[in-house]
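Colleague: Let me see the structure of the following:
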Amino acid sequence: MPDLEFCRRARIAIATLVLALPTLAAAGSVPTIAYDLIEQRNRPGDHFTQGLFFDGERWWESSGLFGRSWLAEYTDPTTRPVRRKWLAADRFAEGLTVLGDRIYLLTYKAGELQLYRRENMTPLGRRYYAGEGWGLTSDGEHLIMSNGSDILTFRDPDTFAIQRELKVHGGGERWLLLNELEYAHGLVWANIWQDKRIAAIDPQSGEVRGVIDLQGLEPGSTHPDVVANGIAWDRARNGLWITGKFWPRLYLIRPDGFGFDEPEESATADQPR
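Modeller: Model prediction:
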């Protein structure tokens, strides 16, 4: 027969550990970032948004799906585009970014990066990569790419060669399915596919510093494709424009802290253009 005193002590130890687990989990969890809703704009709800970029005057957006993919430029994202480039039927548009005089557009499974002239969307060539393309942004020096895993790759803007890989971690979670990306205030902000959160990622350590919960802004559809996707940094107003696939609205939000509480004039400094 087991020693009764030993059993009693074991039960106490187990009970103490169980009671401590929520505290331990909370201590290691990633904080939720509060935000203010600054503005919302209605727009067509038929965009399968994959990438979004705003330079203060013009917008660029990519919309996915085979046979229906396009890249578009707007002066006002609530109206018809100024220019639209349709992709080949076997190309699925994914994330995009703008750096210098170039637009960079990923494709989903073709392993093809498409380059366009920023001024008029004239094609400038292609680069190639292994695996899938999901999200794309830039820190002003590198292109930063996601592929649906928990790894971000930092790439050369000219050759698209990998220069560094970064594993995203934090809060005891596996940060898989990282999708559309934006770089703002020294952090990479990432949509997570079929998740209501945007992760704020330290580009040096890979640590998730916080998450924005977009549940209150989602359209409420039960369709599996109607998910958050699309982040654009508005430097002048010091906020993030966010939307999603088949979302009928764009929202401008201003997160608490993380550089977004700075005056608008200082928020425009040292940001990739």
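Colleague: How far does stretch 180-198 stretch from one end to the other?
Modeller: Start and end residues of stretch 180-198 are separated by 9 Å (CA to CA, to the nearest Å).
Colleague: same question for that stretch, mean pLDDT?
Modeller: Across stretch 180-198, the average pLDDT comes to 97.
Colleague: cool, stretch 131-146 as well?
Modeller: Mean predicted confidence for stretch 131-146 is 98.
Colleague: Can you give me the buried ones in it?
Modeller: 132-139, 142-146 (16 or more other CB atoms under 10 Å). Placement of C-beta: from N, CA and C, glycine included.
Colleague: now swap in stretch 236-246 and tell me
Modeller: Buried, per 16+ other CB under 10 Å, within stretch 236-246: 237-246.
Colleague: would you turn the buried residues of stretch 131-146 into TSV with secondary structure?
Modeller: Formatted as TSV, the buried residues of stretch 131-146 follow (DSSP: H, G, I helix; E, B strand; the rest coil):
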residue	secondary structure
Glu132	coil
Gly133	coil
Trp134	coil
Gly135	coil
Leu136	strand
Thr137	strand
Ser138	strand
Asp139	coil
His142	coil
Leu143	strand
Ile144	strand
Met145	strand
Ser146	strand
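Colleague: State the pair within the residues you listed that is farthest apart.
Modeller: Greatest spatial distance among the buried residues of stretch 131-146 (CB to CB): Glu132 and Asp139, at 21.7 Å.
Colleague: Mind listing residues that contact the helix or strand hosting Ile212?
Modeller: Using DSSP states H and E, Ile212 falls within strand 208-213. For strand 208-213, the external contacting residues (CB atoms under 8 Å, 6 or more residues apart in numbering) are 30-33, 35, 168-171, 173, 175, 187, 189, 196-202, 253, 255, 258.
Colleague: Can I get that strand as CSV, trimmed to CA atoms?
Modeller: Output of strand 208-213 as CSV, limited to C-alpha atoms (Å, rounded to 0.1, in the frame of the first residue of the first chain):
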residue,chain,number,x,y,z
VAL,A,208,5.9,38.9,-30.8
ARG,A,209,5.6,42.1,-28.7
GLY,A,210,1.8,42.2,-28.8
VAL,A,211,-1.3,41.4,-30.8
ILE,A,212,-4.2,43.5,-32.1
ASP,A,213,-7.6,41.7,-31.9
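Colleague: Just the buried ones from the contacts of strand 208-213, in PyMOL syntax?
Modeller: The PyMOL selection below is limited to those of the contacts of strand 208-213 classed as buried (16+ other CB under 10 Å):
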select buried, resi 30+33+35+168+169+170+173+175+187+189+196+197+198+199+200+201+202+253+255+258
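Colleague: Just the contacts of strand 208-213: which are in strands?
Modeller: The strands, defined by DSSP state E, take in 35, 187, 189, 197-201, 253, 255 from the contacts of strand 208-213.
Colleague: which parts of stretch 252-262 are buried?
Modeller: Buried, per 16+ other CB under 10 Å, within stretch 252-262: 252-255, 258, 260.
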